[in-house]
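A.B. asks: Just the structure for this:
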Amino acid sequence: MKILISGICGFVGSTLATELARASHEVSGFDNFIRPGSESNRAALKALGVRIVHADLRAASDIDALPAADWVIDAAANPSVLAGVDGQTSSRQLVEHNLGGTVNLLEYCKRHRAGFTLLSTSRVYTIAPLAGLAVEVSNDAFLPISSGLPAGLTAAGVDETFATAAPVSLYGATKLASEALALEYGETFGFPVFINRCGVLAGAGQFGRPDQGIFAYWLNSYLRRRPLRYIGFGGHGHQVRDCLHPRDLAPLLEKQFARPAAPADHRLVNASGGAASARSLLQLSGWCAARFGAHAVAADPAQRRFDIPWMVLDSSKAARTWAWRPQTPVEAILDEIALHAEAHPGWLDLSAPL
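C.D. replies: Predicted coordinates for the structure are as follows:
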């Protein structure tokens, strides 16, 4: 099967390209290499026979020049919830990357009759009920208080029925709009579309950015004794996220590729490590202290825009409809990141913003 991956030299794109190439698919992809560190993945992918071209997702003429494929995996995006409002990127750039780029890929799929898979995000879910979630502290981490939970949220996490009304952040809005457009394109022009809403993706080789790869950033920074802060929620570090290794997505994608005519209610699922993988920043610090030794973390109680205390995705629908479950436990993910951090002392500097 011929598979085209956007953002192929990013952490997620390169991991999926590696797994799919090893599964004997013909994998190619493109990247604009604007993210620091992405160039470092090119050689390993080429050694696997993956074809890589330089192209910008925002440029329709670049996408038009790409060879035909059977499936497209959209793994290119500005993945920060602060994008467009943090002064690092403009709101227009965010929309051009995350929504305009999706349109260019959908036009490609329309032209080549290719299937389309969008890697979406937990950030499409409405912020207000998540930010206002009643929580308690248990084992150094927030847990939702079971009474009065909003619809679509249980102890297992946020499921696909949870509200997606604004506000969801500009980033979340671009991904939600991309989802809607992808489903419309597929229905109108007759090609298969699947949407996988992912939690925090984490693993060795992830670029160390606090807004895009908090697990890798925290472990690398802790090991190097870089300054770290617990931001918001009293500065205690109780806020929680789940994590998923992107290689665990590959079996789900292959199941979807094999069933292009799957029912409509199979086409959008959460894909995450779930509650078993969820960790607070304070728990991460405890893990790091046991592995690397003590390091002080500062408290910054100032609340930031879009921060939420607990975000865990419930992927039980993916288990029901696709017989999919994550295979890499959180301890293995953390150990993998730690080993990589120990072997690459300059990783934070390599992947830092220019």
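A.B. asks: what ranges do the strands span in the stretch 101-250 of the chain?
C.D. replies: Taking DSSP state E, counting those that start in this stretch, the strands of the stretch 101-250 of the chain run over residues 115-121, 135-138, 141-144, 153-154, 157-158, 193-198, 200-201, 229-231, 240-241, 243-244.
A.B. asks: Give the residue spans of the protein that score low on pLDDT.
C.D. replies: Applying pLDDT under 70 to the chain flags residues 82-84, 352-354.
A.B. asks: Would you mind pulling the contact partners of the helix or strand containing V269?
C.D. replies: Using DSSP states H and E, V269 falls within strand 268-271. With CB atoms under 8 Å, 6 or more residues apart in numbering as the test, strand 268-271 has contacts from 122, 157-160, 179, 183, 194-199, 244, 249, 252, 313-315, 317-318, 321-322, 324. For every residue, glycine as well, the C-beta is placed using N, CA and C.
A.B. asks: Just after it, pick out the following helix or strand.
C.D. replies: Downstream of strand 268-271 (by DSSP H and E), the next one is strand 279-280.
A.B. asks: Relative to the whole chain's centre, how far out is that next one?
C.D. replies: 17 Å (CA atoms, centre = their mean, to the nearest Å).
A.B. asks: Among the strands of the stretch 101-250 of the chain, single out whichever gets nearest to P129.
C.D. replies: strand 153-154 (7.8 Å; CB to CB).
A.B. asks: Give the pairing partners of that closest one; include direction for each.
C.D. replies: In the sheet, strand 153-154 lines up against strand 157-158 (antiparallel) (DSSP bridges).
A.B. asks: so what does the helix or strand hosting V12 touch, helix or strand wise?
C.D. replies: Assigned by DSSP H and E, V12 belongs to helix 11-22. The elements that helix 11-22 packs onto, with contact taken as 3 or more CB pairs under 8 Å, 6 or more residues apart in numbering; DSSP states H and E, are strand 2-6, strand 26-31, helix 42-47, helix 249-258.
A.B. asks: Pull the longest one out as CSV, backbone CA atoms only.
C.D. replies: In CSV, the C-alpha atoms belonging to helix 249-258 read as follows (Å, rounded to 0.1, in the frame of the first residue of the first chain):
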residue,chain,number,x,y,z
LEU,A,249,-1.3,4.3,16.5
ALA,A,250,0.1,2.3,13.5
PRO,A,251,-2.1,-0.9,14.2
LEU,A,252,-5.2,1.3,14.4
LEU,A,253,-4.4,3.0,11.1
GLU,A,254,-3.8,-0.3,9.4
LYS,A,255,-7.1,-1.6,10.6
GLN,A,256,-8.8,1.5,9.2
PHE,A,257,-6.9,1.2,5.9
ALA,A,258,-8.2,-2.4,5.6
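A.B. asks: quick one, helices of the stretch 201-350 of the chain?
C.D. replies: Here the stretch 201-350 of the chain has its helices, by DSSP state H, counting those that start in this stretch, at 214-223, 249-258, 281-292, 316-322, 330-343, 347-350.
A.B. asks: Can you tell me the closest non-neighbouring residue to F207?
C.D. replies: Closest residue to F207 apart from its sequence neighbours, by CB to CB, 6 or more residues apart in numbering: S351 at 3.6 Å.
A.B. asks: In contact with the one you found: list those residues for me.
C.D. replies: Contacts for S351 (CB under 8 Å, 6+ apart) come out as 35-37, 207-209.
A.B. asks: could you dump those residues to CSV with neighbour count and distance to G87?
C.D. replies: Shown next, in CSV, are those (neighbours: other CB atoms under 10 Å; distance: CB to CB, whole Å):
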residue, neighbour count, distance to G87
R35, 21, 18
P36, 16, 17
G37, 21, 21
F207, 22, 20
G208, 27, 20
R209, 20, 15
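A.B. asks: For those, work out which two are farthest apart.
C.D. replies: Of all pairs drawn from the contacts of S351, the widest gap by CB to CB lies between R35 and G208 and measures 11.8 Å.
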